[in-house]
Structures are given as C-alpha cells and as structure tokens.
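Chemist: okay, predicted coordinates and the sequence, questions at the end:
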There are 2 protein chains.
Amino acid sequence: MNAYPTLRIVLDWGTTSFRALLVEADGRVADRIESQDGIQSVPKDGFATVLQRAIAPWRERYGVLPVYAAGMIGSRNGWVEMPYVATPADAGSLAAQVRRMSLPDGGSITFVPGLTDPSAYPFPDVMRGEETQLVGFGLSEDRTVVLPGTHAKWARIEGGTIQRFQTFVTGEIFGTLARHSFLAKVARQPETPDWQAFARGIAVVRDDPRPASLLGHLFAVRTGWLAGRVDPAEMTDMLSGIVVASEFEDARTLGWFSEGDTVAVVGDDDLVEVYRRTGEAFGLQIIMGDEDCAVRGCLAIAAMAEETRGAA
Amino acid sequence: MNAYPTLRIVLDWGTTSFRALLVEADGRVADRIESQDGIQSVPKDGFATVLQRAIAPWRERYGVLPVYAAGMIGSRNGWVEMPYVATPADAGSLAAQVRRMSLPDGGSITFVPGLTDPSAYPFPDVMRGEETQLVGFGLSEDRTVVLPGTHAKWARIEGGTIQRFQTFVTGEIFGTLARHSFLAKVARQPETPDWQAFARGIAVVRDDPRPASLLGHLFAVRTGWLAGRVDPAEMTDMLSGIVVASEFEDARTLGWFSEGDTVAVVGDDDLVEVYRRTGEAFGLQIIMGDEDCAVRGCLAIAAMAEETRGAA
C-alpha cells in the first residue's frame, strides 16, 4: 500500500535530456530531477536502470510511486515503440492504448501512445507527446491549437476530439540555419530576444504582396545586411521571424485559420511568446495554454486508463 | 612584351578553396592549379602573396600573365569589395566597373563587379560570379536562366540585357538539413544519386493539390520513414527532390516560368543534372549551358574593359 496515494512521477525523457517530475494528482509539481541521460545516451536495455537510479531519492522518501511517460521515450529509438492512435481521437482512445510495464523495483511505468493523422499528405502525420498537451489543454471547445517546437504542430479540435493535425519543421529549419548557415558567419546573437528584429522578419513574409516563398525570403537576412539595413545583431531574430511567419502564412493558406480567428498556443518554453507575437501579427486572437498542459494531459490519460482497468 | 599574348589566368577563388585556370583567349583551359587557400584562410593583406606563390610555376614558364577574377574574392570578406552593377545590365555595363590592380610581380589582376537587382523585395538582390556565367552563356536570346548553387539564381534575359533576378537559398537549406537535421540520424547516404528517390521528393511537392509549403513537405522524409515507405538510403535524395522542387514551385508561382517554357540551366557541377531533371518534371524544355560559361564570361567582360581602356 502506498503511503502517498496522490503522488505520481511524470517523465519528460527526450533525445538529449532526462527530466522527472514529482506531481500531485492535480498536476501540481512538488519536485523535479533532471540529468543529461537523454535517450540517445542510454543503451536499449538500460532505460529501467537509468530511471530507477535517477528517482531513487523519491523512492527512499515516498516508497514506490507510479511512473507515466509520453513522447519520444515511447518511440522506435526509445524504451518501447508505442503505437500511434489514429485521429479523430480523444483522451479515451489514447487511454485505451497505454502500455503498463513492471519495473524491477516493484513499481510500474505506463507509456502513453502517440497520435497519427492518416488523412495527411503524402504520408500519415505523427506526434508523440503533443497529444498529452492537447488533452491537458482541453478538448471541450472547437478550436485550432498550435504547439510550437522543433516540429511544430497545428491541430484542430472539434466535437471533443482531436480531428486532424499537421507538422511544420519550423524549429528545425530555424535551428540548423542559425547554427550552420551563411548567417552564422556574421550574425551576433543578442542576449535577449530583439523583438523589433523579429517583427521585421515577420513583415518580410506577411507584407510581401506575392505568394510566400521561404527559399526566397530567407535571403533577405543576407541582402539586408549587405544593404546596410540589417545589423549583425538583428540577423538571428529576423531569421526567426521569417521562418515562423512562413509557418503562419502556410497554415493560413492551408486553411488552419482565417484572420480574426481565436487560436490557442500551447507549450512550456520561450517559443510560446514567439508564436503569440506572430499570431497577433497575422490578425489572430491568441489564447495561451498553461505551461503544465503536458503533465495534466498525461495524468488524465493515465487516470482514464486506470479507471478502465479497475472497472474491467 | 608578353611572349604568350593569348594566355590569361582566370581565378575561381571561393570561401573555402582556391582555383586558378590557365586559359586561351577563347576560354579553352590549358592548365589548372588548386589549393585549400580559400578566402577565409587568407589574412586581409595576404591575397597577393598567396596568389603569386600559387601561380609561380606559370610565371616561370610563360612570364607575367594577366589575371581576372569574379565572385566572392571581390566581396566584403575578400581581397577588395567590388561594387554591384544594377540591372538591367549587360557585358558592357559590367566591363565599365571592373577594377584593375597592380601586383608586386609587375602583373595585374582585374576584378569583375557583382550584379544587383534594385527592384527585388524586400532588399536589393545580389549575385557575385553568376553574372560571368550569364554573360558567358550569352544574352542574345530572351530567356529565363537558372543557375543552381548554394544560393541559386533565376535570371531573366531580355533585349540583350540581364533584366532582373532572384535568389533562392535552396542549396543552403538542403546542405544544412542533410548534415545537421533529424534526417542525419537515420539517413544513409548512397554512393551515387538515387534518382528514383529524388523523383519521389519532387512528386511530394509537385503533386500536392494544395499550395506549396516547404515547412510542411519536408516532414514527409520522416513520416515516410516511420510509415515504412521511405528507406534510410532514400532519405537524402528525397530531401533534395523536395527542396529543389519547392524552388521550382515558388519560381513558377512568382512568374519565372510557365509550363512548356524553355529554360536554360547553367553551372559547372553535379547540380545541373539535379535542376535539369526537376525542370523536366515541371514540364519545361531544358537547355544546358556549357560548363565553361563562367570563364568565357569573365574573359568577355575583361576584353571589353580593355578595349575601352585602349580606346580611351
């Protein structure tokens, strides 16, 4: 019997980092443990050992606690390859596909499945982890939700389900260009975001009367510098504005929003501010999800899975 | 008096490599010298020394020969910063802006200016080096010419002049993604191009009934792999197809061509075949420029400048 029945452990175990959150049933974070033991640094049969060693302090204090995990730890290169649940989907359809595994210490870990949109072109689109953010944000209102990230997702919530979604590789394009492209040669990275430079990047895309062309617009970072109209300290944020505005331009063209719509931005890092500003520059009403949507969604899916298990 | 009045030296001095060509007046290459002494490895006051040391064997054999240079060696980070001639421009307007400098050994080097399109959005577009390829290809026929590269150029020739041009950062996007993105984690690079995988990448872009979205289409490389429909050995060439086809899609939308048009592809490396195939996939008649367009263009501009000088 567990002396702390309201405590759970939720993992955020990514490719390059490990993070465990000790949370109350309502999602409140009581403690956290972080390390560099990302998925890529752990041998295929070493995940249980790394996990148990990391959370040993909590085990000593609270006994064995249930562990929940979503995202890339449940992928082909992670601990187990979880299936993808097809859209339209809700918390119940995700809960029906969780997988619970025993741990050597007598506890258990429950993996949340990913989500796939089989209607996507040209191949089914996929997400792992963002589905918990969507559930945590809530599926009760019909709404378009954008989830910024390396592979940003636009999702449509309708009738209490995640109807469809689409990935844009915005973060990856920005990151690789900022670090490795011609830009890196002269750009100086400011210590805090230069929102004015960012807004100039947005304007390059949004105010071009011609159709969007990311491959063309990106060169403005260089031609602006050559023309003496963009300072090296502005280049990185201007690049960011061009890339993120291109995502919004594409999303609008592809029907994800129209000017004046209300769109939700859900995430837990600095990118939510980047997306909020871009959304407003495109004439959207932006509502912001709470930072802990992922944790609350993970707990909600797990709780639903346990009710089903209990009822069975 | 020079004992070899028909011989010239044309430099192809780029950021990471040095190449000197010994050419006849008609552009035929008699000899070449290459080294790793790219612009970035030479101190600002060291260019003459590096050049004279490199071409010493020719000096010993043929005496002092005139040297011509276009491209990045005449840029802000190179030997001298040459001006940009504004479009519309022809060989004569480029010749009017060459700059001849004496070399310590008694010879001279002549730098060709770059080209700028002041009508470009949002800043004047620029090229350095490609203007010699355009002149070498010939400006007598009204024609759209595409010059593949890290920063690919689409140029419009009309009435014997280069009317306007636009840069697409296609090569840079492909290169940084192929080397540094999520792709690099599972992609296996084939020894020879997999043209079938390349064609699949083109088709992802061209056959999408919705408007083009590079940020969306790129994710197909990953979702195709996850769906078991793209092999790791196909990923790099499929990525290439997606990026280059996006350039063609954008170029068509921006009015650079219509289906059925004849378009010239001018370059001197493997990319010309990549662009030829993409052009044909987009319904174009492709004519290929000779490999030595840059050398012949450089010589033509220099000869015109010398005639003017002689006449003055």
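Modeler: On my side now, so go ahead. Numbering: from 1, shown residues only, chains lettered A, B, ... in the order given.
Chemist: please make it C-alpha for all contacts and neighbour counts, starting now.
Modeler: Noted.
Chemist: what lies in contact with the one helix or strand A:E172 maps to?
Modeler: According to DSSP states H and E, A:E172 maps onto helix A:170-180. The contact list for helix A:170-180 (CA atoms under 8 Å, 6 or more residues apart in numbering or on different chains) reads A:148-152, A:183-184, A:236, A:239-240, A:243-244, A:247, B:173, B:176-177, B:180-182, B:215.
Chemist: now the buried members of those residues.
Modeler: With neighbours counted by 16 or more other CA atoms under 10 Å in any protein chain shown, the contacts of helix A:170-180 contain buried members at A:148-152, A:183-184, A:236, A:239-240, A:243-244, A:247, B:173, B:176-177, B:180, B:215.
Chemist: what residues does stretch A:280-300 touch?
Modeler: A:10, A:25-27, A:68-70, A:91, A:112, A:129-137, A:202, A:206, A:248, A:258-269, A:272, A:276, A:279.
Chemist: which ones among these map onto helices?
Modeler: Residues of the contacts of stretch A:280-300 located in helices (DSSP state H): A:91, A:130-137, A:202, A:206, A:248, A:272, A:276, A:279.
Chemist: between these, which is nearest chain B?
Modeler: Minimum distance to chain B across the ones in helices among the contacts of stretch A:280-300 is 10.4 Å, recorded for A:F248 (CA to the nearest CA).
Chemist: relative to B:L254, how far out is that closest one?
Modeler: Using CA to CA, to the nearest Å, one gets 19 Å for the distance from A:F248 to B:L254.
Chemist: so between those two, which is more surrounded?
Modeler: Between A:F248 and B:L254, A:F248 has the larger neighbour count (other CA atoms under 10 Å in any protein chain shown), namely 24 against 15.
Chemist: that one against A:G279, yeah?
Modeler: Yes: the criterion here is CA atoms under 8 Å, and A:F248 meets it with A:G279 at 7.4 Å.
Chemist: rewinding a little: using CSV, list the CA coordinates for the helix holding A:E172.
Modeler: The C-alpha atoms that make up helix A:170-180 are tabulated as CSV, following Å, rounded to 0.1, in the frame of the first residue of the first chain:
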residue,chain,number,x,y,z
THR,A,170,9.9,25.3,-38.4
GLY,A,171,12.1,24.9,-35.3
GLU,A,172,14.4,22.5,-37.1
ILE,A,173,14.9,24.9,-40.1
PHE,A,174,15.5,27.8,-37.8
GLY,A,175,17.9,25.9,-35.6
THR,A,176,20.0,24.4,-38.3
LEU,A,177,20.2,27.7,-40.3
ALA,A,178,21.0,29.8,-37.2
ARG,A,179,23.8,27.4,-36.2
HIS,A,180,25.2,26.2,-39.6
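Chemist: for that helix, what is the average pLDDT?
Modeler: Mean pLDDT, helix A:170-180: 95.
Chemist: could you point out the helix or strand that follows it?
Modeler: Assigned by DSSP H and E, the successor of helix A:170-180 is helix A:183-186.
Chemist: residues in contact with that next one?
Modeler: Contacts with helix A:183-186, where a contact means CA under 8 Å, 6+ apart, come from A:L177, A:A178, A:V221, A:R222, A:P232, A:M235, A:T236.
Chemist: what's the farthest-apart pair in the residues you listed?
Modeler: Greatest spatial distance in the contacts of helix A:183-186: A:L177 and A:P232, 14.7 Å, computed using CA to CA.
Chemist: which residue ranges of the stretch 101-250 of chain A form strands?
Modeler: Secondary structure of the stretch 101-250 of chain A (DSSP state E, counting those that start in this stretch): strands at A:108-111, A:114-117, A:125-127, A:143-147, A:152-158, A:161-168.
Chemist: how about JSON lines for those, with distance to chain B added?
Modeler: Below are the strands of the stretch 101-250 of chain A laid out as JSON lines (distance: least, CA to the nearest CA, whole Å):
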{"stretch": "strand A:108-111", "distance to chain B": "19"}
{"stretch": "strand A:114-117", "distance to chain B": "10"}
{"stretch": "strand A:125-127", "distance to chain B": "6"}
{"stretch": "strand A:143-147", "distance to chain B": "14"}
{"stretch": "strand A:152-158", "distance to chain B": "10"}
{"stretch": "strand A:161-168", "distance to chain B": "5"}
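Chemist: same list, those, but as JSON lines with distance to A:R100 please.
Modeler: Formatted as JSON lines, these follow (distance: least, CA to CA, whole Å):
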{"stretch": "strand A:108-111", "distance to A:R100": "4"}
{"stretch": "strand A:114-117", "distance to A:R100": "15"}
{"stretch": "strand A:125-127", "distance to A:R100": "20"}
{"stretch": "strand A:143-147", "distance to A:R100": "27"}
{"stretch": "strand A:152-158", "distance to A:R100": "27"}
{"stretch": "strand A:161-168", "distance to A:R100": "24"}
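Chemist: pretty sure A:P232 sits against A:W225.
Modeler: Yes: between A:P232 and A:W225 there is a contact at 7.0 Å, judged by CA under 8 Å.
Chemist: poorly predicted segments of the stretch 201-312 of chain A, please.
Modeler: Across the stretch 201-312 of chain A, the ranges flagged by pLDDT under 70 are A:311-312.
Chemist: near chain B, which residues of it?
Modeler: Those residues of the stretch 201-312 of chain A that sit near chain B, judged by CA under 8 Å from any CA of the partner chain, are A:204, A:208, A:210-220, A:223-224, A:227, A:247, A:250, A:253-254.
Chemist: at 7 Å what do you get?
Modeler: Applying CA under 7 Å from any CA of the partner chain, we find that the stretch 201-312 of chain A lies next to chain B at A:V204, A:S213, A:L215, A:G216, A:L218, A:F219, A:A220, A:T223, A:G224, A:E247, A:D250.
Chemist: what about the closest residue to A:R32 other than its chain neighbours, how many neighbours?
Modeler: Leaving aside its chain neighbours, A:R32 sits nearest to A:L21 (4.5 Å; criterion: CA to CA, 6 or more residues apart in numbering or on different chains). The burial count assigned to A:L21 is 22, neighbours taken as other CA under 10 Å.
Chemist: residues contacting A:L21?
Modeler: Applying CA atoms under 7 Å, 6 or more residues apart in numbering or on different chains, we find A:L21 in contact with A:I9, A:V10, A:L11, A:V29, A:D31, A:R32, A:I33.
Chemist: generate a ChimeraX selection restricted to the buried subset of the residues you listed.
Modeler: Of the contacts of A:L21, the buried ones go into a single ChimeraX selection, burial set by 16+ other CA under 10 Å:
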select /A:9,10,11,29
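Chemist: nearest to chain B, out of the contacts of A:L21: which one, please.
Modeler: Here the nearest of the contacts of A:L21 to chain B, counting by CA to the nearest CA, is A:L11; it sits at 22.2 Å.
Chemist: the nearest residue to the closest one once chain neighbours are set aside sits in which helix or strand?
Modeler: In space, and not counting its chain neighbours, A:L11 is closest to A:A20: 4.5 Å by CA to CA, 6+ apart. Per DSSP H and E, A:A20 falls inside strand A:18-23.
Chemist: quick one: residues contacting A:F18.
Modeler: Neighbour list for A:F18: A:D12, A:E34, A:S35, A:Q36, A:D37, A:G38 [criterion: CA under 7 Å, 6+ apart].
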